[in-house]
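Asker: Curious how this folds, go ahead:
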Amino acid sequence: MTPLKYVLGILLIVCLTILIFSFIHRGQLCELNIKNKNQEVAAKLACAVG
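Answerer: Alright, predicted model coming up:
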C-alpha cells in the first residue's frame, strides 16, 4: 500500500471511532476536551437542561 492509503485508512478509523463514541454517549455528551502538551481540542454541544 502507498503511504497515502495508510493515512486515509487511519483518518477513516479515527472518524469512525469518534462517531461511534458520540452515538454511544449521545445523551451524556455535552462537552469533550482532549488536551495534549501544546494543543487542545474542544467540542461543545447544545444540551437542554431538564
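Asker: And the strands in the chain?
Answerer: 31-35, 40-44 (DSSP state E).
Asker: Check those strands for me: which has the lowest mean pLDDT.
Answerer: For those, the bottom mean pLDDT is recorded on strand 31-35, which sits at a mean of 81.
Asker: Neighbours of the nearest residue to K35 once chain neighbours are set aside, how many?
Answerer: Among residues not flanking K35 along the chain, V41 sits closest, at 8.0 Å (Cβ to Cβ, 6 or more residues apart in numbering). Just so you know, the C-beta spots here come from the backbone N, C-alpha and C atoms, and that holds for glycine as well. The number of residues packed near V41 is 9, by other Cβ atoms under 10 Å.
Asker: I figured V41 was touching N33, is that so?
Answerer: Yes. With contact defined as Cβ atoms under 8 Å, V41 counts as touching N33 (7.3 Å).
Asker: List the strands paired with the helix or strand bottoming out on mean pLDDT in the chain, with their directions.
Answerer: Lowest mean confidence among the helices and strands of the chain (mean pLDDT, DSSP states H and E): strand 31-35, at a mean of 81. Its sheet considered, strand 31-35 pairs with strand 40-44 (antiparallel) by DSSP bridges.
Asker: Can you give me the buried ones in the partner strand?
Answerer: Of all the residues in strand 40-44, not one is buried under the rule 16 or more other Cβ atoms under 10 Å.
Asker: Specify the beta-bridge partners of the residue nearest to K35.
Answerer: Under DSSP bridges, the beta-bridge partners of V41 are I34.
Asker: Return the residues in contact with it.
Answerer: Counting by Cβ atoms under 8 Å, 6 or more residues apart in numbering, V41 touches L32, N33, I34, K35.
Asker: And the pLDDT for the most centrally placed residue in the chain?
Answerer: Centroid-nearest residue in the chain: I18, 3.6 Å away (criterion: Cα atoms, centre = their mean). Looking at I18, its pLDDT stands at 86.
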